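Sequence isn't available, so here's the structure alone:
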DNA sequence: AGGAAAATTTTGTTCAACAAATTATAGAGC
DNA sequence: GCTCTATAATTTGTTGAACAAAATTTTCCT
């Protein structure tokens, strides 16, 4: 039944709800998203849900094989590596473009690295991780391309999906804070070559750690087990 | 009527037909794509057409404003500039990564630049443009990320859309052939710094020319005129 | 003309149905 | 007991009709 609230575009709000659940880690990678079940769980028609699913496929959050349906995307180790390849490409270019960044943009960068520090001081490691991604996002924004910004956001969302496997959040986030700070100060000093080197090492190590976590914690197991209930 | 042939996934073959028509230039940028009209033109239901349209939106070939429907994407000059920003980001990184490219990949690069030369010699400027894009695509592929390859393909498709405005194809393509060859030989010699410089100038000038062509030829005019018939 | 109100078009969404493909189940035979 | 196959049950792909809501066009009034 078409009920209650009248949001601007239903299929997109439905996509939004699903996106949140996935990013929040409530739906483990590999989980199948059955159309009828989620249609009534989100209180939309099956057709509308399908449109929502198509949007999420475009975002890279879910996979869709014809006649098999949609599943929460489970990253292979190759895909995790690719995430870092993409990050390196975008962030290195961002560092180069920081030469032409406005005063405000640089101030925003400092602002964000401070947010990382605040979260770390408060021992809020989840927030620290989010803030760190925001910091790197700001670096990418120096390029000045909304589309590349969007790509980074998409990639970052998937990275967080991989992060969610990490058992101990502290050991996972703490070492990076100081390095974010270092990169930021190098950028402020105009030492772009140094920032590039630091960034490259940063991403290499991060990739190694995430890959390790993913490997130990369980990679795309074709588990045919029952799907968690929507509610 | 669900007729005759039984393609694997209808909505995607429908999207394919539309994609071709757009890329072929049969549907001018800004052209509205009315759902009922194209649904029966492609012989699919409206729901299926909607799914096809959503796919094309994800590809960046069409725009979609809620309650206004889909239109063939008309690039603003800012968006044309962004195409070159993205190309610069991807291709420069590709040049860097060419250091680790396999022998086969480098051979493929030479292969493609030769295809550009052949087409130019045959005065087939349309083919020359396509081949040139393939050459640059190969540079990007050195990065080794399918997703970035896909991004380049998407951006290239839109670039061709902008190219289609060019009045004189020869003056438009000829000057670039020699520069593609130069960049290729620099890469083969391992002179990545030189290749980077040449590439940056190449893209800067290309952007200038395309922007000029687009400006003179007519930018996103909100023409409310009748849409061309599907057939 | 100008602008408000009504008629029309177009999109957003739902529902019910069915074909086709996939997966699960139950036997048959060894 | 095990594999292989035929059958049933599920799930996706697609359709067509219907209607509400938003946007566009037309009409009509001043």
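Thanks, I have it. Computed from a predicted structure; not experimentally measured.

Retrieve the pLDDT associated with the residue most central in space within chain A.
Closest residue to the average C-alpha location of chain A: residue A:157 at 1.6 Å, with CA atoms, centre = their mean. Looking at residue A:157, its pLDDT is 84.

Residue A:88: how many residues sit nearby?
Residue A:88 has 22 neighbouring residues, counting by other CB atoms under 10 Å in any protein chain shown. C-betas here are computed from N, CA, C, even on glycine.

Which stretches in chain A count as strands?
A:32-33, A:62-65, A:69-72 (DSSP state E).

what's the closest of the ones you listed to residue A:196?
Proximity to residue A:196 (CB to CB) singles out strand A:62-65 among those, at 33.9 Å.

what residues are up against residue A:128?
A:116, A:119-120, A:173-174, A:177 (CB atoms under 8 Å, 6 or more residues apart in numbering or on different chains).

7 Å - rerun?
A:116, A:119-120, A:173, A:177 (CB atoms under 7 Å, 6 or more residues apart in numbering or on different chains).

State the number of residues packed around the residue lying closest to it once chain neighbours are set aside.
Of all residues not flanking residue A:128 in the chain, residue A:119 sits nearest, at 4.0 Å (CB to CB, 6 or more residues apart in numbering or on different chains). Using other CB under 10 Å, residue A:119 has 20 neighbouring residues.

can you tell me which residues contact residue A:119?
Residue A:119 is in contact with A:127-128, A:131, counting by CB under 7 Å, 6+ apart.

returning to that earlier point: pick the most buried one from the strands of chain A.
strand A:32-33 (a mean of 22; mean count of other CB atoms under 10 Å in any protein chain shown).

from what I can see residue A:129 touches residue A:173, true?
Yes - using CB atoms under 7 Å, residue A:129 makes contact with residue A:173 at a distance of 5.2 Å.

Those two - which one has more neighbours?
The neighbour count for residue A:129 versus residue A:173, taken as other CB under 10 Å, is higher for residue A:173 (24 against 21).

Next one: that one relative to DNA strand D, how far apart?
Counting by CB to the nearest atom of the strand, to the nearest Å, the separation of residue A:173 from DNA strand D is 36 Å.

quick one, what contacts that residue?
So residue A:173 contacts A:125, A:128-129 (CB under 7 Å, 6+ apart).

picking that back up, redo the contacts of residue A:128 as TSV? Include distance to DNA strand C and pLDDT.
TSV is the format used below for the contacts of residue A:128 (distance: CB to the nearest atom of the strand, whole Å; pLDDT from 0 to 100):
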residue	distance to DNA strand C	pLDDT
A:116	38	95
A:119	36	92
A:120	41	91
A:173	38	71
A:177	42	93
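
quick one: which of those is nearest residue A:74?
Distance to residue A:74, by CB to CB, is smallest for residue A:173 among those, at 23.0 Å.

Could you pull up the contacting residues of the nearest residue to residue A:101 once chain neighbours are set aside?
Nearest residue to residue A:101, sequence neighbours excluded (CB to CB, 6+ apart): residue A:142, at 5.0 Å. Shown in contact with residue A:142 (CB under 7 Å, 6+ apart): A:94, A:97-98, A:101, A:105.

Quick check: phi and psi on residue A:142?
phi -60, psi -30 (degrees, to the nearest 10).

who touches the closest residue to DNA strand C within chain A in this structure?
Minimum separation of chain A from DNA strand C (CB to the nearest atom of the strand) falls at residue A:10, amounting to 2.4 Å. Residue A:10 makes contact with A:44, A:48 under the criterion CB under 7 Å, 6+ apart.

right, is stretch A:29-46 up against chain B?
No - Stretch A:29-46 stays clear of chain B (CB under 7 Å from any CB of the partner chain), getting no nearer than 10.1 Å.

and that stretch, which residues are buried?
A:29-33, A:38-39, A:41-45 (16 or more other CB atoms under 10 Å in any protein chain shown).

ok, and which of the residues you listed reach DNA strand D?
A:32-33 (CB under 7 Å from any atom of the strand).

Now do the phi/psi pair for residue A:28.
Dihedral angles (degrees, to the nearest 10) for residue A:28: phi -70, psi 150.

Pull the contacting residues for it.
Shown in contact with residue A:28 (CB under 7 Å, 6+ apart): residue A:72.

on that earlier part again, roughly how far does the residue nearest to residue A:101 sit from residue A:187?
9 Å (CB to CB, to the nearest Å).

overlap in contacts of those two?
The contact lists of residue A:142 and residue A:187 share residue A:98, where a contact means CB under 7 Å, 6+ apart.

Cross-check the contact I'm expecting between residue A:154 and residue A:60.
Yes - at 5.3 Å, residue A:154 and residue A:60 qualify as touching, with contact defined as CB under 7 Å.

ok now do the residue of chain A at minimum distance from chain B, which residues does it touch?
Residue nearest to chain B within chain A: residue A:58 (3.5 Å; CB to the nearest CB). By CB under 7 Å, 6+ apart, residue A:58 lies in contact with residue B:58.

Break chain A into its domains for me.
Split into domains by automatic domain parsing, chain A comes to A:10-72, A:77-217.

So which of these is nearest residue B:112?
domain A:77-217 (21.3 Å).

coming back round to it: just put the buried residues of stretch A:29-46 in TSV and tack on distance to DNA strand C.
As requested, these are exported to TSV (distance: CB to the nearest atom of the strand, whole Å):
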residue	distance to DNA strand C
A:29	17
A:30	13
A:31	14
A:32	10
A:33	14
A:38	12
A:39	8
A:41	12
A:42	8
A:43	7
A:44	4
A:45	3
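
from the buried residues of stretch A:29-46, which is closest to residue A:148?
residue A:29 (25.4 Å).

What residues does the closest residue to residue A:132 other than its chain neighbours make contact with?
Nearest residue to residue A:132, sequence neighbours excluded (CB to CB, 6+ apart): residue A:116, at 5.2 Å. Contact analysis of residue A:116 by CB under 7 Å, 6+ apart lists A:128, A:131-132, A:135, A:177, A:180.

Residue A:19: neighbouring residues, count only.
Neighbours around residue A:19, by other CB under 10 Å: 18.

And residue A:24, by the same measure?
A count of nearby residues for residue A:24, using other CB under 10 Å, gives 10.

From residue B:155, how far off is it?
Taken as CB to CB, the span from residue A:24 to residue B:155 is 32 Å.

Quick check: residues of chain A near chain B?
A:8-9, A:47, A:50-51, A:54-55, A:58, A:66, A:82, A:85-86, A:89, A:93, A:143-145, A:147-148, A:151.

Now, the residues you listed that are in helices?
A:47, A:50-51, A:54-55, A:58, A:82, A:85-86, A:89, A:93, A:147-148, A:151 (DSSP state H).

want to throw those residues into a markdown table with pLDDT?
Below are those laid out as a markdown table (pLDDT from 0 to 100):
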| residue | pLDDT |
| --- | --- |
| A:47 | 97 |
| A:50 | 97 |
| A:51 | 97 |
| A:54 | 97 |
| A:55 | 96 |
| A:58 | 94 |
| A:82 | 96 |
| A:85 | 98 |
| A:86 | 98 |
| A:89 | 98 |
| A:93 | 98 |
| A:147 | 95 |
| A:148 | 98 |
| A:151 | 96 |
